[in-house]
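In: Below are the sequence and a predicted model; questions follow.
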Amino acid sequence: MTLFPPASCSRLIVKIGSALLVDPDGAVRRDWLAGIAADIAARTKTGQRVAVVSSGAIALGARRLGLAKGGRASLEDAQAAAATGQIALSQVWAEVLGAEGLTAAQMLVTLDDLEHRRRYLNAAATLDRLLSLGVVPIINENDSVATEEIRFGDNDRLAARVAQAAVAGGVILLSDIDGLYDRNPAQPGANHIARIERIDARIEAMADTGSASGMGSGGMVSKIAAARIANAAGAHLAIVSGHIDHPLSIAARHSLFVAERGASARKAWLAGGLTAKGRLTIDAGAAKALRGGASLLAAGVTGASGSFVRGDILDIAGPDGRVVARGLSEYTAADAALILGLGRDAQEAALGYAPRSAVVHRDHMVLL
């Protein structure tokens, strides 16, 4: 059994969870990490470019500061632990990669950095330049400034968003489990799922939210969410056990989420977004029209909520409440509320100016 072929993936994102990088006493598993660095060096020599999304800062910092619950007893503890642990984490990465003749770079990002289009493009440009120079970016969420309201909360989804920004063809989530099972793998008779062609309600129902180590913040739910983001951007995603030496060079058992045909960069960014400024509810006729490639017209909108302005990201939900699309609003929340359900002539009368062609144009919309 093999991972998606490394040779066919010019750029690869590798995510490493806290439980793999840090032992239960809060010390770095340096020998294991040195093996990862050797694997990355081997891939780099073939021309592949690798970026690493590395957890571990909070766990390392908590040990140094003597904080309870691994530094996660409170947001303030987590922020302090992250600030302390991140410098140690970066130093270790620089040393193990340096021993293989590779240069490491640190990138700390917040949710806002990848949710706001201009900041996303800036981060993407930096990432692209580092990879083109043969540098190995070490990326982590900037937990020292992130709050509960503006944070990824797990590095699985961060890795998928980084894959979008880097235009990577693959993501490997090194984890404390070797993939997706049809039920909690601790239960008798649990079956391993090796290949997932489509993420649907059946696949989502298999997820378990727990993190086996108690050190990390992600479970299978976050991994499936990451797979959805990566696949929509044209990147395959594999969940691989990291409980072996050199996991990037061994054909270990894994679960592979197969990518869809890649959307445009802008639409992939929209599909992978984790936040929206507002929500539009549409009728069945409008939902059918969207599936046929149409723009969203005001006549099909039955409700609007949130505080948004033109250009903000909106979720678009069908009559059953399920989000069917996401797109950029052509109106402010106040003006959108004035034209709900109205035809073009009535819109002009309600607004006092000529209405735009759509509430959300198809060129700025992606179906989910």
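Out: Thanks, I have it. Residues are numbered from 1 along each chain as shown.

In: center of the chain - which residue?
Out: The geometric centre of the chain, computed from its C-alpha atoms, lies nearest to residue 157 (C-alpha atoms, centre = their mean), at 2.5 Å.

In: per-residue confidence for the nearest residue to that residue once chain neighbours are set aside?
Out: Leaving out its chain neighbours, the residue that sits closest to residue 157 by C-beta to C-beta, 6 or more residues apart in numbering is residue 226, at 4.9 Å. Any C-beta I mention is one placed from the backbone N, CA and C, and that applies to glycine too. We note a pLDDT of 92 for residue 226 in this prediction.

In: Tell me which helix or strand comes right after the helix or strand bottoming out on mean pLDDT in the chain.
Out: Sorted by mean pLDDT, DSSP states H and E, the helices and strands of the chain end with helix 265-272, the least confident at a mean of 70. Of the helices and strands lying after helix 265-272 in sequence (DSSP states H and E), the nearest is strand 278-282.

In: Extract the C-alpha set from the next helix-or-strand element following that next one and format it as CSV.
Out: Per DSSP H and E, the first helix or strand lying C-terminal to strand 278-282 is helix 284-291. Coordinates of each C-alpha in helix 284-291 appear next as CSV, following Å, rounded to 0.1, in the frame of the first residue of the first chain:
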residue,chain,number,x,y,z
ALA,A,284,-36.2,25.6,-3.6
GLY,A,285,-36.3,27.2,-7.0
ALA,A,286,-33.3,29.3,-6.3
ALA,A,287,-31.4,26.3,-5.0
LYS,A,288,-32.1,24.4,-8.2
ALA,A,289,-31.0,27.4,-10.2
LEU,A,290,-27.7,27.6,-8.4
ARG,A,291,-27.0,23.9,-9.0
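
In: Beyond helix 284-291, next helix or strand please.
Out: Criterion used, DSSP H and E; the element after helix 284-291 is strand 301-306.

In: Could you tell me which strands sit next to the next helix or strand after that next one in the sheet, and their orientation?
Out: Once strand 301-306 ends, the next helix or strand along the chain (criterion: DSSP H and E) is strand 313-317. Sheet partners assigned to strand 313-317 using DSSP bridges are listed as strand 278-282 (parallel), strand 323-328 (antiparallel).

In: now these as CSV including mean pLDDT, distance to residue 310 and mean neighbour count?
Out: Converted to CSV, the strands paired with strand 313-317 look like this (pLDDT from 0 to 100; distance: least, C-beta to C-beta, whole Å; neighbours: other C-beta atoms under 10 Å):
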stretch, mean pLDDT, distance to residue 310, mean neighbour count
strand 278-282, 95, 12, 21
strand 323-328, 88, 8, 20
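
In: mind putting those in JSON lines, distance to residue 185 included?
Out: Shown next, in JSON lines, are those (distance: least, C-beta to C-beta, whole Å):
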{"stretch": "strand 278-282", "distance to residue 185": "36"}
{"stretch": "strand 323-328", "distance to residue 185": "30"}
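
In: about what we covered before: okay, the residue nearest to the centre of the chain: pLDDT?
Out: 90.

In: Also residue 147?
Out: pLDDT, residue 147: 61.

In: Ok, residue 6 next?
Out: 58.

In: Downstream of the helix or strand in which the residue nearest to residue 157 is found, the next helix or strand is which one?
Out: Assigned by DSSP H and E, residue 226 belongs to helix 220-232. Heading C-terminal from helix 220-232, the first helix or strand you meet, by DSSP H and E, is strand 236-241.

In: ok, residue 8 touching residue 259?
Out: No - proximity of residue 8 to residue 259 does not meet the contact threshold set by C-beta atoms under 8 Å, at 11.8 Å.

In: And the two? Which one has more around it.
Out: residue 259 (19 against 10; other C-beta atoms under 10 Å).

In: ok, back up a step: report the buried residues of the helix holding residue 226.
Out: Neighbour-count burial for helix 220-232, with 16 or more other C-beta atoms under 10 Å as criterion, is recorded at 220, 222, 223, 224, 225, 226, 227, 228, 229, 230, 231, 232.

In: quick one: contacts for the fourth one?
Out: Read that as residue 224. 180, 199, 203, 204, 207, 257 (C-beta atoms under 8 Å, 6 or more residues apart in numbering).

In: Among those, which one is most surrounded by other residues?
Out: Counting neighbours by other C-beta under 10 Å, residue 257 comes out on top of these with 28 neighbours.

In: Relative to residue 289, which of the strands paired with strand 313-317 is closest?
Out: Closest to residue 289 of those is strand 278-282 (C-beta to C-beta; 8.9 Å).

In: For that closest one, list the C-alpha coordinates in CSV.
Out: Output in CSV follows, covering the C-alpha atoms of strand 278-282 (Å, rounded to 0.1, in the frame of the first residue of the first chain):
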residue,chain,number,x,y,z
GLY,A,278,-23.8,36.5,7.1
ARG,A,279,-26.3,34.0,5.8
LEU,A,280,-28.9,34.0,3.1
THR,A,281,-31.8,31.6,3.0
ILE,A,282,-33.2,30.7,-0.4
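
In: Quick one: work out the angle between it and strand 301-306.
Out: 170 degrees (axes from the mean of the first three to the mean of the last three C-alpha atoms, to 10 degrees).

In: got a list of contacts for strand 278-282?
Out: 290, 296, 300-308, 312, 314-319, 321, 323-324, 329, 333, 336, 359-360.

In: got it, and stretch 229-238?
Out: 3-4, 9, 13, 157, 159-161, 163-164, 168-173, 179, 199, 226-227, 254-263, 268, 271-272, 366.
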